[in-house]
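In: Here is a sequence with its predicted model. Questions after.
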Amino acid sequence: MLSVTRYFVCLAVHFWATSKLGNPMSVMVASTTRMLRPTSSTKRKRPRHVVETVFEKSMDEFAAEARALLRVSLEPQQLLGMSEKLQVEYRDKLESSDISMLPSYLHTLPSGNEKGDFLALDVGGSTFRIALIRLGEKKDGADGLQVRRIRSTVIDKRIRNLKGREFFDWMAERIGDMLTEYNHINGTTNAWLQMGLAWSFPIEQTSPGSGKLLAMGKGFCATHGVQGQDLSELIMRSCRARSLNVEMKSIVNDGAATLLSQAYRDPTTRMSLILGTGTNAAVYLPISAIGNGKFGERPESWYTGVKHVLVNTEVSMFGRHVFPRTRWDDELNDKHVLPDFQPLEYFITGRYLGEIARLILVEAITTAGLFGGEMPNKLDEPYALDTRILATFEADSTRTLSKANAAFLDAHALPAPPRLSELHFIREVAQMISRRATVYLATALHALWRLRTAAEGLQPGEASHVTVACDGTIIEKYHEFQARCQRQLDELCELSGSSKGAVSLAMAPESSLFGAAVAVSCITDH
């Protein structure tokens, strides 16, 4: 501002000098004026004062601390000790608990010889799938499970807002469409089909094919005015209104459906695992291992000849006082809407692996200068870091981690790209978190296997091979997750006196649909 003022003052002097003192003096003044003219090249820049941020620790120190915390208590003998503690918890809940270790009404497993056509329904949080399933055609090495037709419908906000009978009428419309298609491909006009339902929401089961409808959550209004009524009857009422020739025979949850579908293929299947956004497991146990009060009010006829029953473990709820936790786990738990409710789930599932990593990265940024102390876009928001990004870091085999870098920056932009050393740090965090998850999961499955073996009156070395049927995005798609879990499970089984491979993990594709159909066949045949 001062240089501009001087410029105009000199300009005025120049005009005065030209008129009063002549040209020589005006040249001198003009020269002075040019010297004082403000230009971009001569303008003085304000000095920039850069304050260097001093962080509490170096990145090397932070990384070493993270390694020490996340790798604690992963030695095999310590894991066996954790398994023993879990077995005690499992037994306690088998005696008395109304939220875990819940015996179902299914007491027989498929022989693998069941045959027939069935209508399988799968109602999840975001989709409704309906399929025509055929059992029994085991030609040319086929497993005998065939999807003849399948339709999938997105459950959007409009559908979630349907209240009471409206929702079940909507389901019946889709059932009618598939029944019409079945008649068309079979050359029939009014064929009768038995239905099996995989229901991904809470119910109070009252028989193999019925149960009281409970609150569904996730924004669903279907229970409005009908909560507590029989789910099977609600569906059948809407079907009868449309004169649909169907009958609801079985209702199963995801864990039971997964076990049943794989048991049809492999007769050694006695356990199942769901590991995706959440987790659960089922196990086939002798009824002698379960407290009498756990069975509720069942007709005497149900107990006739029953020796085993399929148990919904709700395994996510176990391990609160078993598995070591870090300060990041404590932070996640303390801020959770249900602290301590599902301890195992908070360690191992797709919902939480990314959040644990996010908490670690945020602390590294603020205390150790990761990314120069710059917070990536949205990374400071809870649950913003998708577990799929961790999987991408682990799967990236490029020298520069270019795929992982692109995935991270696409979700969490930075003013400057991360250094290669910073990308390697993120990958190491992902590896430590996922490895710990596989170890904790293997320990929980080992404890369930030991529980079952003991309930059968056997020692680990005497037990026959057991297959764990698996389903879910983490166990299926996360890089090396299944393989690492299997290796840890093998080690624990060997340390228990059994052989390597005594318990094996096997993927069960389309388990909800196949399991719903197999459940119907088991009830029909037995």
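Out: Done, it's in. Please read these numbers as outputs of a predicted model, since none were measured by experiment.

In: if you count residues, which helix in this structure comes out on top?
Out: Counting residues, the longest helix found in the chain (DSSP state H) is helix 420-455.

In: what about residue 217, helix or strand, and which?
Out: Using DSSP states H and E, residue 217 sits in no helix or strand.

In: Do you know the pLDDT at the nearest residue to it once chain neighbours are set aside?
Out: Nearest residue to residue 217, sequence neighbours excluded (CB to CB, 6 or more residues apart in numbering): residue 201, at 7.3 Å. In short, each C-beta sits where N, CA and C put it, glycine included. We have a pLDDT of 87 for residue 201.

In: ok now do residue 201, which residues does it touch?
Out: Going by CB atoms under 8 Å, 6 or more residues apart in numbering, residue 201 touches 123, 214, 216-218, 220.

In: how does it look with 10 Å?
Out: 123-125, 213-218, 220, 222-223, 231, 253 (CB atoms under 10 Å, 6 or more residues apart in numbering).

In: Which parts of this protein are strands?
Out: 102-103, 116-123, 127-135, 145-154, 193-199, 203-207, 210-213, 246-252, 269-275, 279-286, 308-312, 466-471, 503-507 (DSSP state E).

In: Tell me which of these lies nearest to residue 386.
Out: strand 269-275 (16.5 Å; CB to CB).

In: Please report how far the closest residue to residue 161 other than its chain neighbours lies from residue 353.
Out: Excluding its sequence neighbours, the residue lying closest to residue 161 (CB to CB, 6+ apart) is residue 221, at 5.4 Å. Distance, residue 221 to residue 353, using CB to CB, to the nearest Å: 32 Å.

In: Counting neighbours around each, name which of the two comes out higher.
Out: Legend: neighbour count by other CB atoms under 10 Å for residue 221 and residue 353, higher for residue 353 (26 against 15).

In: re the thing from before, next, format the strands of the chain as a markdown table and append distance to residue 440.
Out: Output for these, formatted as a markdown table (distance: least, CB to CB, whole Å):
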| stretch | distance to residue 440 |
| --- | --- |
| strand 102-103 | 22 |
| strand 116-123 | 29 |
| strand 127-135 | 30 |
| strand 145-154 | 32 |
| strand 193-199 | 27 |
| strand 203-207 | 29 |
| strand 210-213 | 31 |
| strand 246-252 | 27 |
| strand 269-275 | 11 |
| strand 279-286 | 11 |
| strand 308-312 | 20 |
| strand 466-471 | 15 |
| strand 503-507 | 15 |
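
In: Could you turn the buried ones of the contacts of residue 201 into a PyMOL selection?
Out: With 16 or more other CB atoms under 10 Å as the criterion, this PyMOL line picks the buried residues out of the contacts of residue 201:
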select buried, resi 123+124+213+216+220+222+223+231+253
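
In: From the contacts of residue 201, pick the one nearest residue 180.
Out: residue 123 (20.5 Å).

In: Could you find the closest non-adjacent residue to that closest one?
Out: residue 199 (5.6 Å).

In: surely that neighbour meets residue 234?
Out: No. Using CB atoms under 10 Å, residue 199 is not in contact with residue 234, being 11.5 Å away.

In: between these two, what contacts are shared?
Out: With CB under 10 Å, 6+ apart as the test, residue 199 and residue 234 both reach residue 213.

In: can you list contacts of stretch 82-91?
Out: Taking CB under 10 Å, 6+ apart as the rule, stretch 82-91 contacts 73, 97, 100-101, 283, 289, 291, 311, 313, 315, 317-324, 344, 439-440, 442-452, 454-455, 492, 495-496.

In: same thing but 6 Å
Out: With contact meaning CB atoms under 6 Å, 6 or more residues apart in numbering, stretch 82-91 is reached by 318, 322, 443, 446-447, 450-451.

In: Would you mark the buried spots in it?
Out: Per 16+ other CB under 10 Å, stretch 82-91 contains these buried residues: 82-83, 85-87, 89-90.

In: again, but for stretch 458-478
Out: 460, 463, 466-475, 478.

In: just how off-centre is that stretch within its chain?
Out: 19 Å (CA atoms, centre = their mean, to the nearest Å).

In: Show me the contact partners of that stretch.
Out: 258-259, 262, 266, 268-276, 350, 391, 453, 481-482, 496-498, 503-508, 511.

In: Show me what the mean pLDDT comes to for it.
Out: Mean predicted lDDT for stretch 458-478 stands at 95.

In: show me the contacts for the spatially most central residue of the chain.
Out: For the chain, residue 277 is the residue whose C-alpha lies nearest the centre (CA atoms, centre = their mean; 1.4 Å). Counting by CB under 6 Å, 6+ apart, residue 277 makes contact with 350-351.

In: And for residue 188?
Out: Per CB under 6 Å, 6+ apart, neighbours of residue 188: none.

In: Could you report the pLDDT at it?
Out: Value for residue 188, per-residue pLDDT: 92.

In: do residue 216 as well
Out: In this model, residue 216 carries a pLDDT of 88.

In: nearest spatial neighbour of it, skipping sequence neighbours?
Out: That would be residue 201: by CB to CB, 6+ apart, it lies 4.4 Å from residue 216.

In: same deal with residue 80?
Out: Residue 80 sits nearest to residue 495 (CB to CB, 6+ apart), 5.8 Å away.

In: returning to what we had before: go through the contacts of residue 201 and say which is closest to residue 174.
Out: Using CB to CB, the contacts of residue 201 come closest to residue 174 at residue 123, 10.5 Å.

In: That closest one pairs with what?
Out: Under the criterion DSSP bridges, residue 123 forms beta bridges with residue 128, residue 199.

In: quick revisit: return the member of the strands of the chain having the minimum mean pLDDT.
Out: Taking the mean pLDDT of these, strand 203-207 comes last: a mean of 90.

In: strand partners of that one, parallel vs antiparallel please.
Out: strand 210-213 (antiparallel).

In: Right, I'll call it a day here.
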